[in-house]
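In: Sequence isn't available, so here's the structure alone:
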């Protein structure tokens with residue numbers, strides 16, 4: 001005996017919407033634009049199709065689905081790589097995208113903005129410090145690199161070359 005159940009159109013649409021949300025591995029960030037419609041990072045947005053804050057969030061969400069890129073204060077230490085699985089943030093690629101995000105958030109003066117840099121000592125601590133156990137600090141671990149491709153996170157080639165071993169950025 002076959003029981004037929006007819007779902008209302010509204011119920012069917014709601015169920016489809018929730019199924020789609022469940023299937024999406026990475027969520028969007030509320031930080032979708034740079035400071036005051038600045039154009040300084042348009043080169044990045046044009047190359048990647050999103051702000052560096054969105055890219056950073058997507059990278060972090062590979063290891064921590066709930067991660068949301070915050071709005072960081074400029075004069076205090078910012079994000080910590082403290083996820084239970086730290087391989088998505090304990091590397092120079094995450095550090096570089098994070099620094100681009102900070103510049104995106106704090107770009108008050110447009111193309112004349114001098115930019116915002118991290119103290120040389122912050123990079124190695126963030127990337128390979130006490131919270132990080134990654135042995136591949138200057139590249140993405142192979143498992144994370146595979147996940148980046150599977151989730152469609154766009155990490156341009158230049159992100160793999162712009163880090164100096166002393167932590168300069």
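Out: Looks like it came in fine. Everything numeric in this text was worked out from a predicted model, so none of it was measured. Numbering: from 1, shown residues only.

In: Which residues does the host helix or strand of residue 146 contact?
Out: Element membership for residue 146, per DSSP states H and E: helix 142-150. With Cβ atoms under 8 Å, 6 or more residues apart in numbering as the test, helix 142-150 has contacts from 59, 62-63, 87-88, 91, 139-140, 153, 155. All C-beta atoms are positioned from the backbone trio N, CA, C, and that covers glycine.

In: which of those are buried?
Out: 59, 62-63, 87-88, 91, 140, 153, 155 (16 or more other Cβ atoms under 10 Å).

In: List the residues that contact residue 104.
Out: Residue 104 sits next to 34-35, 38, 40-41, 44, 51-53 when contact means Cβ under 8 Å, 6+ apart.

In: Now rank the residues you listed by neighbours and give me the top one.
Out: residue 53 (27 neighbours; other Cβ atoms under 10 Å).

In: between the host helix or strand of that residue and helix 142-150, how big is the angle?
Out: Using DSSP H and E, residue 53 sits in helix 52-61. Helix 52-61 and helix 142-150 meet at an angle of 130 degrees, taking axes from the mean of the first three to the mean of the last three Cα atoms, to 10 degrees as the criterion.

In: Let me know the secondary structure of residue 73.
Out: Following DSSP: H, G, I helix; E, B strand; the rest coil, we place residue 73 in the coil state.

In: how close does it sit to residue 104?
Out: Residue 73 sits 15 Å away from residue 104, going by Cβ to Cβ, to the nearest Å.

In: and what of residue 56?
Out: As judged by Cβ to Cβ, residue 56 and residue 104 stand 10 Å apart.

In: try residue 64
Out: 21 Å.

In: Could you do residue 60 as well?
Out: Distance of residue 60 to residue 104, computed by Cβ to Cβ: 16 Å.

In: Residue 57 now?
Out: The gap separating residue 57 from residue 104 is 12 Å, by Cβ to Cβ.

In: if we can go back for a sec, any chance of the buried ones among the contacts of helix 142-150 in CSV, with secondary structure and pLDDT too?
Out: Shown next, in CSV, are the buried ones among the contacts of helix 142-150 (DSSP: H, G, I helix; E, B strand; the rest coil; pLDDT from 0 to 100):
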residue, secondary structure, pLDDT
59, helix, 96
62, coil, 96
63, coil, 93
87, helix, 86
88, helix, 90
91, coil, 84
140, coil, 87
153, coil, 96
155, coil, 95
